[in-house]
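S.K.: need a structure here:
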Amino acid sequence: MDPRTDAAHLLTRRALLGRGAGWLGAAALAELMGCATPGARAGVATNAPPVPRGPHFPPRAKAVIYLFLSEGPSQLDLWDHKPGLEAFYDQELPDSVRQGQRLTGMTSGQKRLPIAPTRFRFRRHGDTGTFVSELLPHTAQVVDRLCLIHSMWTESINHDPGITYLCTGSELPGRPSFGSWLSYGLGADSRDLPAFVVMTPSWTGRKEAQALFSRLWGSGFLPSQHQGVSLRSQGDPVLYLNDPPGIDRADRRAMLDALAALNARTTAAVGDPETAARVLQYEMAFRMQASVPELLQLQQEPDHVLALYGPEVRTPGSFAASALLARRMVERGVRCVQLFHRGWDQHFNVAGDLPNQCRDTDQPIAGLILDLEQRGMLDDTLIVCTGEFGRTVYSQGDLTRDNYGRDHHPRCWTAWLCGGGSRAGMRFGATDDFSYNIVRDPVHVHDFNATILHLLGIDHERLTWRFQSRDMRLTDVAGRVVHGLLA
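M.R.: Numbers count the residues shown, from 1 in each chain. This next block holds a predicted model:
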């Protein structure tokens with residue numbers, strides 16, 4: 001055969017540069033299929049070292065449950081108690097507070113920026129005496145277990161770049177997501193479930209919610225096996241997971257074995273790592289056909305556990321059901337579970353929409369914390385709860401004593417951590433009297449991500465992937481570990 005036409009002899013630039021990646025892909029394929037050596041079943045000989053796995057140092061947390069309250073919950077109405085604002089009701093926001101900071105297009109044309117104190121009562125709770133809004137009565141009962149961060153900030157003032165920033169470390173689309181970085185850096189503790197799973201539960205607040213795009217849990221330039229697997233709230237939990245009619249498990253197994261052999265030959269010939277990644281995904285889907293149905297059997301849980309999460313736990317697709325599923329996932333070795341709860345964008349009707357959002361999430365969040373604690377899992381499971389930014393102290397639209405709206409505010413908001421080596425009972429950072437500017441211990445998006453990675457045993461500066469001629473990472477070229485948040 002003419003070597004110029006034989007794919008096995010082609011040495012294109014792509015093949016040369018990708019051959020090493022192909023060897024690693026074949027090694028990963030062989031490991032997944034239970035082979036003693038990479039060439040034993042895939043038919044590929046290689047002396048390439050295995051992909052390094054494991055943390056950089058002993059982790060405090062083995063897994064993370066990431067609660068993303070999408071569209072910016074109001075820190076003023078939930079966590080950042082500012083009783084002095086009553087004296088400024090309906091007065092103009094002082095220029096000395098705003099300091100010329102930009103406004104969104106939604107309020108830049110308003111004639112006034114009237115100060116809107118919260119209409120919800122705050123009370124002290126727990127041994128720490130932490131002020132919590134009346135909208136969060138269940139979370140208030142576990143507030144001593146939380147590590148509250150009042151001084152989060154970002155450069156993003158609109159939803160899509162703001163959410164993308166938190167989830168990928170960049171305001172521009174195309175970077176790997178947080179969970180994908182974890183999958184790449186730490187791998188999975190389960191052979192039968194993915195390392196990274198995403199859920200988008202229903203909500204009862206403002207129905208005109210911002211769109212969520214799959215790139216928020218995508219793998220970007222990382223190999224595609226690291227992307228998040230989205231569980232749907234209706235219908236089949238994962239599309240195309242069931243075998244077609246007339247195909248039994250033995251037939252499916254034989255088909256996958258034949259496909260793996262063909263793909264292994266392609267990987268050896270052209271060195272495209274996506275070929276091996278595709279085989280890994282086929283194999284995971286095969287195992288998920290057995291593991292996912294069992295995972296979703298919430299009726300297996302005893303009544304006292306279901307009661308922790310509240311009455312909506314029996315409603316498929318609810319936040320409560322998703323929170324319980326998150327616990328069941330990390331219990332079975334899933335590395336990262338991310339819940340996106342939409343509808344927190346209260347530009348108007350805070351009094352009507354915000355209480356509904358809190359009813360969706362308050363008891364399930366408290367129940368998740370108590371459930372993990374009772375099982376001895378809270379010490380090594382980190383819970384993260386945040387939105388992409390905060391809300392303004394001034395009212396968007398008409399201000400009344402009974403109702404008001406709030407615009408986007410990137411200069412400060414409240415997030416929290418719980419368990420997994422975070423510092424329980426901590427209230428970190430502080431804002432000014434108007435919850436408009438940070439006056440102590442700012443925590444940037446990159447700092448937040450660096451700290452979460454640290455708790456999982458990862459040095460954020462060392463978790464990198466070579467792309468476009470530089471070593472990319474979740475925290476880009478910034479970020480610091482905030483040691484005050486660590487136990």
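
S.K.: Run through this structure and note the low-pLDDT ranges.
M.R.: Within the chain, the stretches with pLDDT under 70 are 1-53, 233-243, 251-252, 271, 276-291.

S.K.: make it 80
M.R.: Scanning the chain for pLDDT under 80 picks out 1-54, 232-261, 263-264, 266-293.

S.K.: next helix or strand past the helix of greatest length in it?
M.R.: Ordering each helix of the chain by length in residues (DSSP state H) puts helix 350-374 first. Going down the chain from helix 350-374, the next helix or strand is strand 381-386, by DSSP states H and E.

S.K.: which residues are contacting that following strand?
M.R.: With contact meaning C-beta atoms under 8 Å, 6 or more residues apart in numbering, strand 381-386 is reached by 60-69, 152, 166, 330, 365, 368-369, 372, 413, 415-422, 448, 452, 455-456. The way it works is simple: take the backbone N, C-alpha and C, and place the C-beta from them, glycine included.

S.K.: Now intersect those residues with the helices, please.
M.R.: Counting by DSSP H, the part of the contacts of strand 381-386 found in helices is 166, 330, 365, 368-369, 372, 448, 452, 455.

S.K.: so which of these is the most crowded?
M.R.: residue 365 (30 neighbours; other C-beta atoms under 10 Å).

S.K.: State the number of residues packed around the closest residue to that residue other than its chain neighbours.
M.R.: Nearest non-adjacent residue to residue 365, counting by C-beta to C-beta, 6 or more residues apart in numbering: residue 139, 5.6 Å away. Residues lying near residue 139 (other C-beta under 10 Å) number 26.

S.K.: helices or strands next to the longest helix of the chain in the packing?
M.R.: Identification of packing neighbours for helix 350-374 by 3 or more C-beta pairs under 8 Å, 6 or more residues apart in numbering; DSSP states H and E yields strand 63-69, helix 75-78, helix 137-140, helix 303-309, helix 319-331, strand 336-341, strand 381-386.

S.K.: Any chance of TSV for these, columns distance to residue 94?
M.R.: Shown next, in TSV, are these (distance: least, C-beta to C-beta, whole Å):
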stretch	distance to residue 94
strand 63-69	29
helix 75-78	16
helix 137-140	32
helix 303-309	44
helix 319-331	38
strand 336-341	34
strand 381-386	28
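
S.K.: Which one of those lies nearest to residue 204?
M.R.: helix 319-331 (9.4 Å; C-beta to C-beta).

S.K.: For the closest one, give me every contacting residue.
M.R.: Contacts for helix 319-331 (C-beta under 8 Å, 6+ apart): 62-63, 65, 67, 193, 197, 199, 201-203, 231, 233, 295-296, 298, 301, 305-306, 309-315, 337, 339, 341, 360-361, 363-365, 367-368, 371-372, 375, 377, 381.

S.K.: what's the angle from that helix to strand 381-386?
M.R.: Orientation check (axes from the mean of the first three to the mean of the last three C-alpha atoms, to 10 degrees): helix 319-331 against strand 381-386 gives 140 degrees.

S.K.: Return helix 319-331 as CSV; C-alpha atoms alone will do.
M.R.: C-alpha atoms of helix 319-331 as CSV (Å, rounded to 0.1, in the frame of the first residue of the first chain):
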residue,chain,number,x,y,z
PHE,A,319,-36.0,22.7,44.1
ALA,A,320,-36.7,20.5,47.1
ALA,A,321,-36.6,17.3,45.1
SER,A,322,-33.4,18.5,43.4
ALA,A,323,-31.7,19.2,46.7
LEU,A,324,-32.5,15.7,47.9
LEU,A,325,-31.2,14.3,44.6
ALA,A,326,-28.0,16.3,45.1
ARG,A,327,-27.4,14.6,48.5
ARG,A,328,-28.1,11.2,46.9
MET,A,329,-25.6,12.0,44.2
VAL,A,330,-22.7,13.0,46.4
GLU,A,331,-23.4,10.0,48.5
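
S.K.: Give me the angle between that helix and helix 350-374.
M.R.: For helix 319-331 against helix 350-374, the angle by the same axes, to 10 degrees is 30 degrees.

S.K.: Counting neighbours, show which residues of helix 319-331 come out buried.
M.R.: 319-331 (16 or more other C-beta atoms under 10 Å).

S.K.: cool, stretch 121-137 as well?
M.R.: Buried residues in stretch 121-137, counted by 16+ other C-beta under 10 Å: 122, 125, 130-133, 135-136.

S.K.: Could you do stretch 397-412 as well?
M.R.: Neighbour counts using 16+ other C-beta under 10 Å place 397, 399, 403-412 of stretch 397-412 among the buried residues.

S.K.: At which residues are the helices of the stretch 101-250 of the chain located?
M.R.: Remark: helices assigned in the stretch 101-250 of the chain by DSSP state H, counting those that start in this stretch are 137-140, 159-168, 178-186, 249-270.

S.K.: deepest of the ones you listed, which one?
M.R.: Mean neighbour count (mean count of other C-beta atoms under 10 Å) peaks for helix 178-186 among the helices of the stretch 101-250 of the chain, with a mean of 26.

S.K.: Quick check: residue 73 touching residue 391?
M.R.: Yes: contact criterion C-beta atoms under 8 Å: residue 73 and residue 391 qualify, at 7.5 Å.

S.K.: Quick check: neighbours shared by those two?
M.R.: Here residue 73 and residue 391 have residue 413 as joint contacts, going by C-beta under 8 Å, 6+ apart.

S.K.: one step back: with distance to residue 109 added, can I get the helices of the stretch 101-250 of the chain in CSV?
M.R.: Shown next, in CSV, are the helices of the stretch 101-250 of the chain (distance: least, C-beta to C-beta, whole Å):
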stretch, distance to residue 109
helix 137-140, 37
helix 159-168, 19
helix 178-186, 36
helix 249-270, 56
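
S.K.: For ChimeraX, what selects the buried ones among the contacts of strand 381-386?
M.R.: Burial among these is assessed by 16+ other C-beta under 10 Å; the matching ChimeraX selection reads:
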select :60,61,62,63,64,65,66,67,68,69,152,166,330,365,368,369,372,413,415,416,417,418,419,420,421,422,448,452,455,456
